[in-house]
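Peer 1: okay, here's the prediction I keep looking at, along with the sequence it came from:
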Number of protein chains: 2
Amino acid sequence: MANDLNTIAPHSEKAAPDFSNWSCPLPLADYPSIVMGHGGGGKLGSELVEHLFLPAFRNPALENLGDAAVLEAAGARIALSTDSFVVQPLFFPGGSIGELAVNGTVNDLAVSGAEPKFLSASFILEEGFSVAQLAAIVDAMAKSAATAGVQIVTGDTKVVERGHGDGCYITTAGVGVLRAGIQVGPHRVQPGDAVIVSGTIGDHGMAIMSVREGLEFESPIRSDCAALNGMIAEVLDAAGASVHAMRDPTRGGLASTLNEIAQSSNVGIVVNEASVPVRHEVQSACELLGLDPVYVANEGKVVFFVAPEAADRVLAVLRAHPLGKDAAHIGHATAEHKRMLVARTAMGANRVIPTMIGEQLPRIC
Amino acid sequence: MANDLNTIAPHSEKAAPDFSNWSCPLPLADYPSIVMGHGGGGKLGSELVEHLFLPAFRNPALENLGDAAVLEAAGARIALSTDSFVVQPLFFPGGSIGELAVNGTVNDLAVSGAEPKFLSASFILEEGFSVAQLAAIVDAMAKSAATAGVQIVTGDTKVVERGHGDGCYITTAGVGVLRAGIQVGPHRVQPGDAVIVSGTIGDHGMAIMSVREGLEFESPIRSDCAALNGMIAEVLDAAGASVHAMRDPTRGGLASTLNEIAQSSNVGIVVNEASVPVRHEVQSACELLGLDPVYVANEGKVVFFVAPEAADRVLAVLRAHPLGKDAAHIGHATAEHKRMLVARTAMGANRVIPTMIGEQLPRIC
């Protein structure tokens, strides 16, 4: 009996509406079906947001398109953020999907100027997934939450049949409390602002790719996955209103984050290539795989846009923090070449770093 | 190049910890792997919560195990809830995964005594999923949010390779504001409380099963999927502190919800079988498939535990509301047979209705 009922026709659409006359609202109408790139940090993902989600859900909080929505609830200024995690493999040097799921949402709240407080965690498990591995993931989540000072207060578990998942998908949502007197966002970025990155780029993406591709290095590349709220709080304590914008350069890497900010701030951004910190082994792995580290995901880094007179103060605070010791002043915002990201090479030439169409590395978080 | 990188070994566990000496913390150690039942409303799901999630994440908000966590943020009393939706098929008579994803979280907040305000929505899409179907789902979400009076303020989209998803999984999280003066929860249930259900049971589950099993009825069974916050607000306005507990009987149906409340309230519950409202066609479909409607999922019903003197007032308010016209007083809490749910049959006999081990119907929401 139960077995009969467990048989579900895949993609049964008996009751689905008739879509035959439907015209695709996306300007990229070449994509009537979802492709991997729709989940990346590039243009395809933005198309979905701009032409599907935004028009349908339209409201001021959503239209800000920040890493978290800034809201008022019963007189309190709070932030709400969510992310789904589908990384493969589930365990990698430096962490697991568990650390990512907690730190990812903690960081989205922190870069929005909020103090992260409460998380929800929802699991989509695949039939046959090891309970021991689930326990290891849950343990990693608990430790990450404790380190970040947040509580996981509610959750859900769904199970899908073998072959309809990938072991474990996790979606976290987080609530934070906005720090008093802090207003950050692309709208505050001005020409002249210093661009500071809190450390080496590309570590997370290349840790994942090294495992997937079976690359071996003398010292293995470890994910930089970490909760940034403590370090960000120290920067805000020291520099307050001089901090104009913060963003964690995850999917799509530093280049996608800077392009997004250039576009939503209507400024140009110049980055001095030589000053962008990249670990030697990450650079080597990127060269081997034909990747550019500026597009590779980070999970424990933050980019600051700060008033130029505060740049040295912010750098000093970052470098005194264990997660910011490799922080670097990598460039500035400018009134020229608006909405574009330009890299100044070591030879003194300029090259445009465009937004990617899809994604360089799938399933990175 | 890109294609090489897109190839991901399924379940790659190269970096996974060694689990060989790990002992399963579940009392049901017969289940070292996840089975479909872990996602149901029954004992297996509870085991995961009690023996895995609770010990790891331990905090007072989580330990309440309500449909939503009740929290304080910057002086405001708020509620946070989350659910993942993996229903198959994605479209069914009476709704789609879109309506479920919005109404499910809205209802979890409402039964916790909160006014739902803001939702996050996170999508895990399968490569190849139709953008037109996604647009229809998003449209259903937008309409449901408008009807419920909530805003979808933030979100995320991930894409997994063909064969690693099921078209579209959605996880919503919601923030609500606690109503002043309202305290509801199993701890407030007392012997003598009237048990009231807001309408016919089993509609959602049998709508899904009819599609899956290809059952045809004169009038098709439609899901009852609806946002209950408006109706619940009217009940609370009319009966206030006389409302002791509310719960929406989704996965596992009325029986699982009442068993849960009996156990966490330490009372017995008696239900008069003949007074439980069940649609004729739902009853017929259940008989055909060998199911008991008390275990079948609802997505637009709420069970109230109210002080006996308020029962008639609550019933009157419900019956005057379009979503509550079939409301019925179905039983009461008692100091006898504590922690058990007992049905009084039409013949005057009593039978225990136990908690299921796993789930009767997988992928129902």
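Peer 2: Received, thanks. Residues are numbered from 1 along each chain as shown, chains lettered A, B, ... in the order given.

Peer 1: phi, psi for A:Pro354 please.
Peer 2: Dihedral pair for A:Pro354: phi -80, psi 170, per degrees, to the nearest 10.

Peer 1: for it, grab the count of nearby residues.
Peer 2: Residues lying near A:Pro354 (other Cβ atoms under 10 Å in any protein chain shown) number 13. The way it works is simple: take the backbone N, C-alpha and C, and place the C-beta from them, glycine included.

Peer 1: what does A:Asp312 give?
Peer 2: A:Asp312 - counted by other Cβ under 10 Å - has 13 other residues nearby.

Peer 1: what ranges do the strands span in the stretch 1-150 of chain A?
Peer 2: For the stretch 1-150 of chain A, the strands defined by DSSP state E, counting those that start in this stretch cover A:69-73, A:76-85, A:91-92, A:95-96, A:114-126.

Peer 1: same question, the stretch 201-350 of chain A
Peer 2: A:243-247, A:268-272, A:303-306, A:328-334, A:341-344, A:350-352.

Peer 1: out of these, which is closest to A:Asp312?
Peer 2: Closest approach to A:Asp312 among these (Cβ to Cβ): strand A:328-334, 8.2 Å.

Peer 1: center of chain A - which residue?
Peer 2: In chain A, the centroid-proximal residue (Cα atoms, centre = their mean) is A:Thr250; its distance is 3.2 Å.

Peer 1: nearest to B:Phe91, of the strands of the stretch 1-150 of chain A?
Peer 2: strand A:114-126 (19.6 Å).

Peer 1: now do the closest one: which elements does it pack against?
Peer 2: Applying 3 or more Cβ pairs under 8 Å, 6 or more residues apart in numbering or on different chains; DSSP states H and E, one finds that strand A:114-126 makes contact with helix A:97-111, helix A:131-148, strand A:151-160, strand A:168-178, helix A:229-239, strand B:69-73, strand B:76-85, strand B:168-178.

Peer 1: what's the angle between it and helix B:97-111?
Peer 2: 120 degrees (axes from the mean of the first three to the mean of the last three Cα atoms, to 10 degrees).

Peer 1: quick one: average pLDDT of strand A:114-126?
Peer 2: Per-residue pLDDT over strand A:114-126 has a mean of 98.

Peer 1: nearest residue to the residue of the stretch 1-150 of chain A found nearest chain B in space, please, no chain neighbours.
Peer 2: Closest residue of the stretch 1-150 of chain A to chain B, Cβ to the nearest Cβ: A:Gly39 (3.1 Å). Residue nearest to A:Gly39 in three dimensions, not counting chain neighbours: B:Val159, with 3.1 Å by Cβ to Cβ, 6 or more residues apart in numbering or on different chains.

Peer 1: what is the one you found paired to in the beta sheet?
Peer 2: Bridge pairing for B:Val159 (DSSP bridges) gives the partners B:Leu125.

Peer 1: ok, A:Arg162 - how many residues close by?
Peer 2: Burial measure for A:Arg162: 11 neighbouring residues, criterion other Cβ under 10 Å.

Peer 1: how many neighbours does the nearest residue to it once chain neighbours are set aside have?
Peer 2: Leaving out its chain neighbours, the residue that sits closest to A:Arg162 by Cβ to Cβ, 6+ apart is A:Glu127, at 4.6 Å. If you count neighbours by other Cβ under 10 Å, A:Glu127 ends up with 20.

Peer 1: for A:Glu127, give me its contacts.
Peer 2: By Cβ atoms under 8 Å, 6 or more residues apart in numbering or on different chains, the residues touching A:Glu127 are A:Val159, A:Val160, A:Glu161, A:Arg162, A:Gly165, B:Ser33, B:Ile34, B:Val35, B:Met36.

Peer 1: mind giving me the ChimeraX command for buried ones among those?
Peer 2: Typed into ChimeraX, the line below selects the buried ones among those, using 16 or more other Cβ atoms under 10 Å in any protein chain shown:
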select /A:159,160,161,165 /B:34,35,36
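
Peer 1: closest one to A:Ala79 out of the contacts of A:Glu127, please.
Peer 2: Distances from A:Ala79 to these, taken by Cβ to Cβ, are shortest for A:Gly165, at 29.8 Å.

Peer 1: what about the residue nearest to the closest one when sequence neighbours are not counted, neighbour count?
Peer 2: Once flanking residues are discounted, A:Gly165 sits nearest to A:Glu126: 3.4 Å by Cβ to Cβ, 6+ apart. As a burial measure, A:Glu126 scores 20 neighbours (other Cβ under 10 Å).

Peer 1: swap in the one 4 residues further on?
Peer 2: For A:Ser130, the tally of surrounding residues (other Cβ under 10 Å) stands at 19.

Peer 1: that one against B:Ser33, yeah?
Peer 2: Yes. Using Cβ atoms under 8 Å, A:Ser130 is in contact with B:Ser33, at 5.9 Å.

Peer 1: ok so, going back, the residue nearest to A:Gly165 contacts A:Lys158, correct?
Peer 2: No. Applying Cβ under 8 Å as the test, A:Glu126 and A:Lys158 come out as separate, 10.3 Å apart.

Peer 1: nearest to A:Thr355, of the helices and strands packed on strand A:114-126?
Peer 2: When those are compared by Cβ to Cβ, helix A:97-111 sits nearest A:Thr355, at 19.3 Å.

Peer 1: relative to strand A:76-85, how tilted is the closest one?
Peer 2: 150 degrees.

Peer 1: what mean pLDDT does helix A:97-111 get?
Peer 2: 98.

Peer 1: that one packs against which elements?
Peer 2: Counting by 3+ Cβ pairs under 8 Å, 6+ apart, helix A:97-111 packs on strand A:76-85, strand A:114-126, helix A:131-148, strand A:168-178, helix A:229-239, strand A:243-247.

Peer 1: one more pass at 10 Å, please.
Peer 2: strand A:76-85, strand A:91-92, strand A:114-126, helix A:131-148, strand A:168-178, helix A:229-239, strand A:243-247, strand B:151-160 (3 or more Cβ pairs under 10 Å, 6 or more residues apart in numbering or on different chains; DSSP states H and E).

Peer 1: just name the most buried of those.
Peer 2: strand A:168-178 (a mean of 28; mean count of other Cβ atoms under 10 Å in any protein chain shown).

Peer 1: gap between it and the chain center?
Peer 2: From the chain centre to the centre of strand A:168-178 is a distance of 13 Å (Cα atoms, centre = their mean, to the nearest Å).

Peer 1: list the strands paired with it, with their directions.
Peer 2: Here, using DSSP bridges, strand A:168-178 pairs with strand A:76-85 (antiparallel), strand A:114-126 (antiparallel).
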